[in-house]
Structures are given as structure tokens and as C-alpha cells.
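S.K.: Quick one, what's the 3D model for this:
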Amino acid sequence: MIDHLARIRRHFTDSATLKQQAAETMANGIARAGSILTDCLFGDGKILACGNGGSAADAQHFAAELIGRFERERPELPAIALTTDTSLLTAIANDYSFEHVFAKQVRALGAKGDVLLAISTSGNSPNVVAAITAAHEREMRVVALTGKGGGRIGEMLAPEDVHLCVPHDRTMRIQEVHLLTIHCLCDVVDATLLGDDA
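M.R.: Numbers count the residues shown, from 1 in each chain. Purely as a prediction, here's the structure:
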């Protein structure tokens, strides 16, 4: 008989342990990424975000926090999730390939000074890799959220980019830390704009 309670408790323990480990290895990078995002916003730039599956949901979550609000009232901030326009996504995937669904949007919407938030738990998602290439062509900086050692994305980032790689190989654990990282980034933005009230 399966002991569901033991499995559930283990998930909580494993998640908490990983988050403590990730705080040690990722905090400096998250702070640097937060500065890149706020510099972009102060410079009248925008943030484009992309990912697949759960990472697509994270990209949309991030954009919603910036355009709506995170925890405090503030002016709306320009962020676009490149995962939401089904007509555009299916047209590009049908006429070209799924690998191009984000890159073509980055080339159309991105500009020098903007930032791409690229999310891939494996670091190998071909359409996210292509989006990073397009961002570099547009002289955009990249904040990449990965795991599993960083994959291809970890190898292609420029020195001015930030790689936030979760030190784990299990997808759901990586996604849990990605969500916390996104909240940390939003908090850095809010604290920079509104002051530290925490």
C-alpha cells in the first residue's frame, strides 16, 4: 500500500532543502538579474518572457506581476509573455516550425536595451535557444532560468547576461525554484521602485 502522506511530506522536505541550497548558489545571480531588469525598465525598455509548458506559465505569471502588481501598488511596467497569442504561435509553427515561435516575436518586438527572460528547465529547449539568439541579434540582455546543468543555454549566454541555474535534475523541483526566483525578481523591482518596506 502506498504511503501518500510520507510521499507528500518528502516533497515538502525535498523542496525546502533545495531552496536552501539554491539560496546559497543563486542569490548573487538573482540580485544581478534584478538590477538588469530594473535598469531596463528605468531606461524605458521592456521585458519579453518565454518558455514551454510550466515555463510558459511562469513567463505569463512574471508578465502579470509586472503589468498588474506584485505585492504593492505601483505604475504598470512593460512586460510581454511571448506564449499567449495562439493565432501567432500556430501561424509561425505551421508556416515555419515550432522552433521559431519565440525568436520571430523577439525580432519583431525586441529592441536594444530590452531584456529577454528565457525559461527552460533543461536548458535545451530549441525555441528558447532560438529566442536567445534573436535577443543577442537585437542587442538585448538575457536572464536565463534553467536547471540540469544549464544545457545549451548555459553555453551560449554572453558575459553581460545572467544564468540562474537551479542545482537539481528533477523538473518539478527546478520549476518550484523558478517560481520563487520570479517572485524574488519582482520583489527586487518593487523594492527599487518603491523602497524597502519588508
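S.K.: mind listing what's buried in whichever strand or helix holds Ala23?
M.R.: For Ala23, the host element (DSSP states H and E) is helix 4-42. Within helix 4-42, the residues scored as buried using 16 or more other C-beta atoms under 10 Å are 15, 18-19, 22, 26, 29-30, 33-34, 36-38, 40-41. (Each C-beta comes from the backbone N, C-alpha and C, glycine too.)
S.K.: Ok, stretch 93-104 next?
M.R.: Buried, per 16+ other C-beta under 10 Å, within stretch 93-104: Glu99, His100, Val101, Phe102, Ala103, Lys104.
S.K.: Which of those residues fall in helices?
M.R.: The helices, defined by DSSP state H, take in Ala103, Lys104 from these.
S.K.: Serialize the buried residues of stretch 93-104 to a markdown table and add fields for pLDDT.
M.R.: Below are the buried residues of stretch 93-104 laid out as a markdown table (pLDDT from 0 to 100):
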| residue | pLDDT |
| --- | --- |
| Glu99 | 98 |
| His100 | 98 |
| Val101 | 98 |
| Phe102 | 98 |
| Ala103 | 98 |
| Lys104 | 98 |
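S.K.: which one of the buried residues of stretch 93-104 sits closest to Gly150?
M.R.: Of all those, Phe102 has the smallest distance to Gly150: 18.3 Å, by C-beta to C-beta.
S.K.: Now that closest one: closest residue in space that isn't a chain neighbour?
M.R.: In space, and not counting its chain neighbours, Phe102 is closest to Ala131: 3.7 Å by C-beta to C-beta, 6 or more residues apart in numbering.
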